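# What follows is a predicted structure for the sequence shown.
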Amino acid sequence: WMAIMDDANKNVESLFEPNNMKEITKILRCNNRVCHAVGPLFSNQMHLLFLDLINLYKVYSERILVLISQQGAIATQMSLVRAMKSAKKEVLRLLITFIDNSGPPEVEPKTIAQNFIPLVLDTIIVDYQRNVDSARDPDVLTLFTTVVNKLRSHVLDDVPRIMDGVFECTFQMITANFEDYPEHRIKFFELLQSINMHCFSALFNIPPKIQKLFVDSVV
């Protein structure tokens, strides 16, 4: 991992080499399994990895957007884009596992909310919102469901931004018809349920348009 990141610091194009992309995905999967096994003890490793994970996600997101702007949504079927999406998915899954298995005394919910969530919002929410439908990963919704379920009152102030970033664009995806994007549909309502249960007061701080859509969705 360190060798790949060192090479990327010298030449970011190295991140798009097929062998490096496969290795990155494999390393992330291994870390996910370790995180599952050791739980909160993984916090030291996550502190070492976190900025690299965010930067990697950002670099791949930007390249995917460039390719889509050049070739249209069909670009999401390219082998290069599929490999980048796979690496991004593993980043999401590792973050989900880490947050879901976190706990005191190794890592307090407040620590995660303050030290990790701002960069996650800046990178992952923005990418999800501005992407084409076929490039939006449903695991983004799972990530923020996990954030709300685990951190609760510590992310009350972040809920309006989460809703602004994922709600309307996902709502449009799943209401165009009742067949497309079944994963997004399920995970969307799981996110709404978690917000309703654990951060209900935050709903009063979201724009009226999204409030109405939220109520219509639940009803």
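Structure received.
# Does Leu67 lie in a helix or a strand, and which?
helix 43-71 (DSSP states H and E).
# For that helix, buried residues please.
Neighbour-count burial for helix 43-71 flags 43, 46, 49-50, 52-61, 63-65, 67-68 (criterion: 16 or more other Cβ atoms under 10 Å). Yep, even glycine has a C-beta here, placed from its N, CA and C like the rest.
# Buried residues, the next helix or strand after that helix. List them.
Counting by DSSP H and E, the next helix or strand C-terminal to helix 43-71 is helix 79-101. By neighbour count, and taking 16+ other Cβ under 10 Å as the criterion, the buried residues in helix 79-101 are 81, 83-101.
# quick check: mean pLDDT across helix 79-101?
Taken as a whole, helix 79-101 carries a mean pLDDT of 98.
# Keeping just the C-alphas, turn the next helix or strand after it into PDB.
If you walk from helix 79-101 toward the C-terminus, the next helix or strand you reach (DSSP H and E) is helix 109-115. Extracted C-alpha coordinates of helix 109-115, given in PDB (Å, rounded to 0.1, in the frame of the first residue of the first chain):
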ATOM      1  CA  PRO A 109     -18.500   8.400  18.400                       C
ATOM      2  CA  LYS A 110     -17.700  12.100  18.800                       C
ATOM      3  CA  THR A 111     -14.100  11.400  17.500                       C
ATOM      4  CA  ILE A 112     -15.400   9.800  14.400                       C
ATOM      5  CA  ALA A 113     -18.000  12.600  13.900                       C
ATOM      6  CA  GLN A 114     -15.300  15.300  14.200                       C
ATOM      7  CA  ASN A 115     -12.300  13.700  12.600                       C
END
